[in-house]
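Colleague: could you look at this predicted model? Sequence included:
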Amino acid sequence: MSITIQLSPELEEKLRESASEAGMDIDQYVIEILKGKVQPGASKELSLEEKERKLLQKINLGIPVAVWKRYNYLKSLRDNEQLDPEEYLELIHISDQIENANAERMKYLIELTKLKQVPLKDLMSSLGIKAGSNA
């Protein structure tokens, strides 16, 4: 059985952060909360290495492959002028998801630069992350 719920962006972000801190994906984390096996928001003081590891986990969280495939498919329909209004709205929604994920990723990259005390370009280079064309 599957249940869909709508969360505020703020609550979703908090859940994702807590899941990442617990070393779980978001679905697994929510299930564990509902089973009563995990207390949301329970945290401890982390070592520098642990903070770095958790930030790297957050940086590496990405958009699922199936969403990317759908996004590319919808873009190709749009480019060929075959996109219907419902698909157009879906494309906008996925584009927003990607943009928000990239903004979150950048937030964590900046946090990691402060933790490691290195310039952003150097950190991105060391992680194999290429700057966009507007950077």
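Modeller: Thanks, I have it.

Colleague: packing partners of the longest helix along the chain?
Modeller: Secondary structure assigned by DSSP state H gives helix 85-116 as the longest helix of the chain. Identification of packing neighbours for helix 85-116 by 3 or more Cβ pairs under 8 Å, 6 or more residues apart in numbering; DSSP states H and E yields helix 48-60, helix 65-79, helix 120-127. (Glycine included, C-beta is placed from N, CA and C.)

Colleague: mind giving me the domain ranges of the chain?
Modeller: 8-43, 45-135 (automatic domain parsing).

Colleague: least reliable of the ones you listed going by mean pLDDT?
Modeller: Lowest mean pLDDT within the domains of the chain: domain 8-43, a mean of 77.

Colleague: quick one: distance of that one to the chain centre.
Modeller: 14 Å (Cα atoms, centre = their mean, to the nearest Å).

Colleague: give the buried residues for it.
Modeller: Buried residues in domain 8-43, defined by neighbour count with 16 or more other Cβ atoms under 10 Å: 15-22, 29-30, 32-33, 38.

Colleague: closest to E90 out of those?
Modeller: R16 (21.9 Å; Cβ to Cβ).

Colleague: that closest one and M24 touch, don't they?
Modeller: No: judged on Cβ atoms under 8 Å, R16 makes no contact with M24 at a distance of 10.4 Å.

Colleague: find residues that contact each of these two.
Modeller: Listed contacts common to R16 and M24 are nil; contacts here mean Cβ atoms under 8 Å, 6 or more residues apart in numbering.

Colleague: please identify which helix or strand holds A19.
Modeller: A19 belongs to helix 9-21 when assigned by DSSP states H and E.
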